[in-house]
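Participant: pasting a predicted model and its sequence here:
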Amino acid sequence: MVERLREAIRDVHDFPKEGIVFKDITPILADAELFRGSIDLLCATAGGTKVDKVVGIDARGFIFAAAVADRLGVGFVPIRKKGKLPWKCTEAAYALEYGEAVVEIHQDAVKPGEKILLVDDLLATGGTAAAALKLLDGLGAEIIAVSFLIELSFLSGRGKLGSHEVKAILKY
Ligand code: AMP
């Protein structure tokens, strides 16, 4: 399954700007077996630990995280780009592989001590996931694992994620 997933990912050169090779995961989403396979593999990154919630990062992270939450039978929590969540939020700023952004989480989305699986589609420089972890740390979450479908290892994003358990299905 891992190799089938790898073959399905489409490299799009110079998107969204010159020099970036964008990993397009839409061919995985469009194929029932591949999508299910990717969710199976992401669920397994929890290592059998019972998690309380799955947290996903705006926007492609939602697709995977919500399906993982449903499969694990737990709730889903979104971390969104600034200005999208309607209730009281805490925020964290970060630098992207391309550009800059601020992410937010609802203050009551995670309770202190809850066991969290954090999911995103891709780990690049690690700025996004590091900001998400800062938000979750601020709410007192216990991070079980930080899981990605894709890791761009050459960007060393793991280095920004401290001592957390970082899992990736596909590494480049
Ligand atoms: P970073 O903060 O640099 O780790 O960037 C990770 C976020 O940006 C993820 O949410 C990805 O969806 C997106 N991203 C960054 N680089 C790429 C890439 N080369 N291909 C696809 N998505 C990317």
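Facilitator: Received it, and whenever you're ready, just let me know what you need.
Participant: how about low-confidence regions in the protein?
Facilitator: Residue ranges of the chain with pLDDT under 70: 97-98.
Participant: show me which residues of it sit near the ligand.
Facilitator: 20-23, 57, 60-61, 96-97, 120-129, 157 (C-beta under 6 Å from any ligand atom). The way it works is simple: take the backbone N, C-alpha and C, and place the C-beta from them, glycine included.
Participant: what subset of those residues is buried?
Facilitator: 22-23, 57, 60-61, 97, 120-129, 157 (16 or more other C-beta atoms under 10 Å).
Participant: thought F64 was touching L42?
Facilitator: Yes. Using C-beta atoms under 8 Å, F64 makes contact with L42 at a distance of 5.9 Å.
Participant: for this protein, which segments count as strands?
Facilitator: 10-13, 21-24, 53-57, 75-81, 89-95, 100-106, 115-123, 142-151, 166-171 (DSSP state E).
Participant: need the residues touching each of F64 and L42.
Facilitator: 119, 149 (C-beta atoms under 8 Å, 6 or more residues apart in numbering).
Participant: how close does G37 get to K111?
Facilitator: 32 Å (C-beta to C-beta, to the nearest Å).
Participant: more neighbours, those two?
Facilitator: G37 (18 against 11; other C-beta atoms under 10 Å).
Participant: quick one: the more buried one from the ligand, how far?
Facilitator: Plainly put, G37 is 19 Å away from the ligand if you go by C-beta to the nearest ligand atom, to the nearest Å.
Participant: for V110, same thing?
Facilitator: In terms of C-beta to the nearest ligand atom, V110 sits 19 Å off from the ligand.
Participant: bridged to the residue positioned nearest the centre of the chain, which residues?
Facilitator: Here the mean C-alpha position of the chain is nearest to the C-alpha of D120 (C-alpha atoms, centre = their mean), at a distance of 1.3 Å. With DSSP bridges as the criterion, D120 is bridged to F148.
Participant: isn't it right up against A130?
Facilitator: No. Judged on C-beta under 8 Å, D120 makes no contact with A130 at a distance of 11.3 Å.
Participant: what sits against the closest residue to A46 other than its chain neighbours?
Facilitator: With sequence-adjacent residues excluded and distances taken as C-beta to C-beta, 6 or more residues apart in numbering, A46 is closest to L117, at 5.2 Å. For L117, the contacting residues are 45-46, 51, 53-55, 68, 72, 144-145, 147, by C-beta under 8 Å, 6+ apart.
Participant: in those residues, find the pair that's most separated.
Facilitator: Farthest pair in those (C-beta to C-beta) is T45 and K53. Separation: 14.9 Å.
Participant: that concludes my questions; thank you for your assistance.
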